[in-house]
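In: Sequence unavailable; structure follows:
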């Protein structure tokens, strides 16, 4: 894979994102603005798979090379569009990353797709294509009998790509969250520009392992539809988690929006469905119901379980995301952010505080 743009993860040192833009005079001559096709770790595991397939399945090996070449061609075309880090003058109007940040911080209801840069829209398509490629490679490796450790590495790589897709949605929601400080929202806007420019995000590497573990724990969980409080479910999930998750719960769970978002995540139901089910159980004096009974009680087809495919989790996330956006827009009760939004906000605020403390220490 010599022709592909490969970037080492260690090249992305965690910094205050605004330090990256240290001058109003920043131009494309100062640094590379290429989209990251493969990171160093991705390149290593892809080459392992290609070497393995040479003998096991030459036809699959050739097909995979073609698919990877397609990704490279896609990136080559996207990079023809102006860099988001480049100063442009269009009909006398100067556009820079700073004017883009201010535009992002201007609140607008509705879909923002026509207000986003072309490179941002096209780059998301690249990430989707890259996810499909890695998901296919994961299944190929699994079916071809590749070493389990390598199979899991491919699965991990695919999941990080999926979380990077999700983080873009989270950033756009957090930028509109007026309960966040202006400084945090501005930092998120800069992070979003870097994500659009390189299709790589340093926060994903920190948040993805925790969120994936939470999603996996949720998949293996059979919610008890009785009290509908979620205490036992949260305990079962938290047992499998690390200190970062525990710190998040201690810091944020007392917030009503966080606890309501947690309920939606645990039960796989909307806030409105949870309230309706609670009322039905209370009025009828029912202490518990089975998962298969929920649809009949709510009088609508409801899917509360999730498959092992991470795409299923992402679909459920988008349902919760869209519901939260609707509540925020209409000012109706219920969570205005998803659990994923709240966790990423926790990570960003924690990192901002650490950066400030480090600066004071110097």
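Out: Looks like it came in fine. Being a predicted model, the structure only gives us computed values, none of them experimental. Residues are numbered from 1 along each chain as shown.
In: contacting residues for residue 104?
Out: 175, 189, 192 (C-beta atoms under 8 Å, 6 or more residues apart in numbering). Every C-beta, even on glycine, is put in place using the N, C-alpha and C of the backbone.
In: what's the distance between it and residue 117?
Out: Here residue 104 is placed at a distance of 10 Å from residue 117 (C-beta to C-beta, to the nearest Å).
In: distance of residue 311 from residue 248?
Out: Taken as C-beta to C-beta, the span from residue 311 to residue 248 is 25 Å.
In: more crowded one of these two?
Out: residue 248 (22 against 13; other C-beta atoms under 10 Å).
In: Check the secondary structure at the more buried one for me.
Out: What DSSP: H, G, I helix; E, B strand; the rest coil gives for residue 248 is helix.
In: mind listing what it touches?
Out: The neighbours of residue 248, taking C-beta under 8 Å, 6+ apart as the test, are 342-343, 346.
In: Surely residue 170 and residue 346 touch.
Out: No - when contacts are counted by C-beta atoms under 8 Å, residue 170 is not listed as touching residue 346 (11.7 Å).
In: Who has more neighbours out of those two?
Out: Between residue 170 and residue 346, residue 170 has the larger neighbour count (other C-beta under 10 Å), namely 25 against 19.
In: Pretty sure that one sits in a helix.
Out: Yes - counting by three-state DSSP, residue 170 is found in a helix.
In: Grab the nearest non-local neighbour of it.
Out: Leaving out its chain neighbours, the residue that sits closest to residue 170 by C-beta to C-beta, 6 or more residues apart in numbering is residue 344, at 4.9 Å.
In: That neighbour - how many residues pack around it?
Out: The tally of other residues near residue 344 (other C-beta under 10 Å) stands at 24.
In: distance of residue 45 from residue 237?
Out: 29 Å.
In: Pull the distance from whatever helix or strand residue 49 lives in to the chain's centre.
Out: Element membership of residue 49, judged by DSSP states H and E, is helix 40-56. How far helix 40-56 lies from its chain's middle: 26 Å, per C-alpha atoms, centre = their mean, to the nearest Å.
In: Same check on stretch 175-184?
Out: Mean-position distance between stretch 175-184 and its chain equals 19 Å (C-alpha atoms, centre = their mean).
In: returning to what we had before: what are the buried residues along the helix holding residue 49?
Out: Going by neighbour count (16 or more other C-beta atoms under 10 Å), the buried part of helix 40-56 is 42-43, 45-46, 48-50, 52-53.
In: any idea which of those is the one closest to residue 253?
Out: Among these, residue 42 lies closest to residue 253 (C-beta to C-beta), at 35.0 Å.
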